[in-house]
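> Build me a model from this:
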Amino acid sequence: VNVTTNMLPGDKYIDFLDYGASLFDRAFTGEYKDLRDYLTRTSEDPEATNHNAIGRIWAVMSFHRLTDIYGDVPYFDAGKGYSENVWSPVYDPQDQIYYHMLGELEAAAAQLSASGDNVGSQDIVYGGDVEQWRKLANSLMLRLGLRLVKVDPAGAQAWVQKAIAGGVMDNLFDIAKTEHQLDGGWQNSNPIGESFNVDKFMRLSDTFVSWMQDNNDPRLDILSWVESGAPHQGLPNGLDPTTLESDGPAGGDLLDYSRINQALVQRESPFMFITYAEVELMLAEAALRGWHSGDAATHYENGIRAAIANWAFYGVAVPDTATIDAYVAGVPFNTTDGMELIGEQYWAATFLNPWEGYANWRRIEFPVLTPVNYPGNATGGTIPRRLKYPDTEYTLNGDNVRAADARQGPNEYTTRVWWDKQ
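Residues are numbered from 1 along each chain as shown. Take a look at the predicted model:
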């Protein structure tokens, strides 16, 4: 929550295009150029099959995040400005992007070979362990397969079952994460840590803090820090400096509201792309849908335990087993409310991975969230369904971006991406 500046006004649904377009701009001006070059070079080298397979998996990791946020994007032409002088890339329909990404994951998992080239220390995620990369490919396949539930239920089931059969993450240390550092050679800063270091006014939402309080969630003491020493108190969404004074449950002093634990949002903090906890919760959903023979309740409980244990990767203390057992017992699984229970726990498990938490919420709409209707907002008081393309696309690549608008819908926050069918 941001109540005193316009740096991050997302809780009010204000149109702040420069920030909303930043992921798009960074991806196409840097990341996809490098990905295209890497994939081209490794595909032409018969002794770099594992390098190439890993690159294909990581390309999906990157592209699925981008298309989930914006919808139709340049995909098949991405990065070709650098390699082939394609300066006006075509925007591809999201359904074509998704089915191609799923195919890439299947092909890359099959391509990985223990007897092939050793990526070794060049691999900052798994140190060249091709079996972990195979589990990552299948875990991403599981994630993307579930994205299709609104638009292609049969296809979703087929891809989910294929992912599970191929072997997904099965322990805490299968996590796909990157470490960050600011000294000792190269420098690579955590983008979430950058944001929290730039803006000191952000506070945890009352929605999240109250949910943890209502469920006696031990993560509250890990995630929340109140600068004044007052009890944990989330800040209701949609307040500004004026309404904070009159409507804030702890009054108008921001020091009395929960900030995120600063140990979790340093520039040196790791970033989690996909975790074993998420995989277990996805398996719980697959079992609940009848697409997986495992026990939904067991996967659900495994997911909760892993999500709590995950915070140890940030160097903070996590609750003991007895405390976690008591929490799990207090939020029991039942099939009637199964999707909501899974959705809430997935929401909590993806804290600090906002792209994924936002995508999964749009897919199943759990937890139930209450929108705000701040004066002058850009959505008519509804929760945004996507971010907008940059204005520069309409001057530099106008024909192609307008074709995407004609196919997908207007370039508005309320336009739904392909898999987010109403």
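> What mean pLDDT does the helix ranked longest in the chain get?
Secondary structure of the chain per DSSP state H: the longest helix is helix 49-70. The pLDDT scores in helix 49-70 average 98.
> do the same with stretch 110-118
97.
> Quote the end-to-end distance of it.
16 Å (C-alpha to C-alpha, to the nearest Å).
> Just the buried positions in it, please.
111-112, 116-117 (16 or more other C-beta atoms under 10 Å). C-betas here are computed from N, CA, C, even on glycine.
> Which parts of the stretch 151-300 of the chain are helices?
153-166, 191-198, 206-214, 219-223, 241-247, 276-288, 296-309 (DSSP state H, counting those that start in this stretch).
> who does the first one touch, helix- and strand-wise?
By that I understand helix 153-166. When contacts are defined as 3 or more C-beta pairs under 8 Å, 6 or more residues apart in numbering; DSSP states H and E, helix 153-166 sits against helix 94-111, helix 130-147, helix 276-288.
> Could you export it as CSV, CA atoms only?
Listed next in CSV are the C-alpha coordinates belonging to helix 153-166 (Å, rounded to 0.1, in the frame of the first residue of the first chain):
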residue,chain,number,x,y,z
PRO,A,153,-10.5,-27.5,-19.7
ALA,A,154,-9.6,-30.6,-21.7
GLY,A,155,-6.3,-29.2,-22.7
ALA,A,156,-5.6,-28.0,-19.2
GLN,A,157,-6.2,-31.6,-17.9
ALA,A,158,-4.0,-33.1,-20.5
TRP,A,159,-1.1,-30.8,-19.9
VAL,A,160,-1.4,-31.1,-16.1
GLN,A,161,-1.4,-34.8,-16.3
LYS,A,162,1.6,-34.8,-18.7
ALA,A,163,3.5,-32.5,-16.3
ILE,A,164,2.8,-34.8,-13.3
ALA,A,165,3.8,-37.9,-15.2
GLY,A,166,7.1,-36.2,-16.2
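> For it, list every residue counted as buried.
Under 16+ other C-beta under 10 Å, the buried positions of helix 153-166 are 155-157, 159-164, 166.
> And the shortest one, by the same measure?
When neighbours are counted by 16+ other C-beta under 10 Å, the buried residues of helix 219-223 are found to be 219-220, 222-223.
> does His286 really touch His292, like I thought?
Careful, residue 286 is Ala and not His. Yes - applying C-beta atoms under 8 Å, one finds Ala286 in contact with His292, separated by 3.8 Å.
> Now for these two: what residues contact both?
160-161, 164 (C-beta atoms under 8 Å, 6 or more residues apart in numbering).
> Export the residues you listed as a markdown table, with columns for distance to Gly127 and pLDDT.
Formatted as a markdown table, the shared contacts of Ala286 and His292 follow (distance: C-beta to C-beta, whole Å; pLDDT from 0 to 100):
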| residue | distance to Gly127 | pLDDT |
| --- | --- | --- |
| Val160 | 29 | 99 |
| Gln161 | 30 | 98 |
| Ile164 | 25 | 98 |
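> Just name the closest of those to Glu194, please.
Nearest to Glu194 among the shared contacts of Ala286 and His292 is Val160, at 34.8 Å by C-beta to C-beta.
> if I pick that closest one, what's in contact with it?
142, 145-146, 286, 291-292.
> sec struct for Phe24, please.
When classified by DSSP: H, G, I helix; E, B strand; the rest coil, Phe24 comes out as helix.
> Now find how far off-centre the longest helix of the chain is within its chain.
Distance of helix 49-70 from the chain centroid (C-alpha atoms, centre = their mean, to the nearest Å) equals 14 Å.
> between it and helix 130-147, how many degrees?
30 degrees (axes from the mean of the first three to the mean of the last three C-alpha atoms, to 10 degrees).
> For helix 49-70, which residues meet the burial criterion?
49-61, 63-70.
> Please apply the same query to stretch 229-246.
232-239, 244.
> where does that stretch sit relative to the chain's centre, distance-wise?
Taking mean C-alpha positions (C-alpha atoms, centre = their mean), stretch 229-246 and its chain are 26 Å apart.
> does Lys150 really touch Trp419, like I thought?
Yes - using C-beta under 8 Å, Lys150 is in contact with Trp419, at 6.2 Å.
> So the two - more neighbours on which side?
Trp419 (23 against 16; other C-beta atoms under 10 Å).
> Look up how far Tyr75 lies from the closest residue in space to that one that isn't next to it in sequence.
Of all residues not flanking Trp419 in the chain, Arg147 sits nearest, at 4.9 Å (C-beta to C-beta, 6 or more residues apart in numbering). As judged by C-beta to C-beta, to the nearest Å, Arg147 and Tyr75 stand 15 Å apart.
> So if I had to pick from these two, which one is more boxed in?
Arg147 (26 against 22).
> what sits against the more buried one?
By C-beta under 8 Å, 6+ apart, Arg147 lies in contact with 68, 98, 156, 359, 363, 419.
> The fourth one: what's it in contact with?
Residues counted as contacts of Ala359 (C-beta under 8 Å, 6+ apart) are 68-69, 147.
> Just put the shared contacts of Ala286 and His292 in TSV and tack on distance to Gly30.
Converted to TSV, the shared contacts of Ala286 and His292 look like this (distance: C-beta to C-beta, whole Å):
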residue	distance to Gly30
Val160	33
Gln161	37
Ile164	35
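> picking up where we left off before, and the helices of the stretch 151-300 of the chain, which one averages the lowest pLDDT?
helix 191-198 (a mean of 81).
> Thr275 is in contact with Asn310, correct?
Yes - the pair Asn310 and Thr275 qualifies as a contact (C-beta under 8 Å) at a distance of 5.7 Å.
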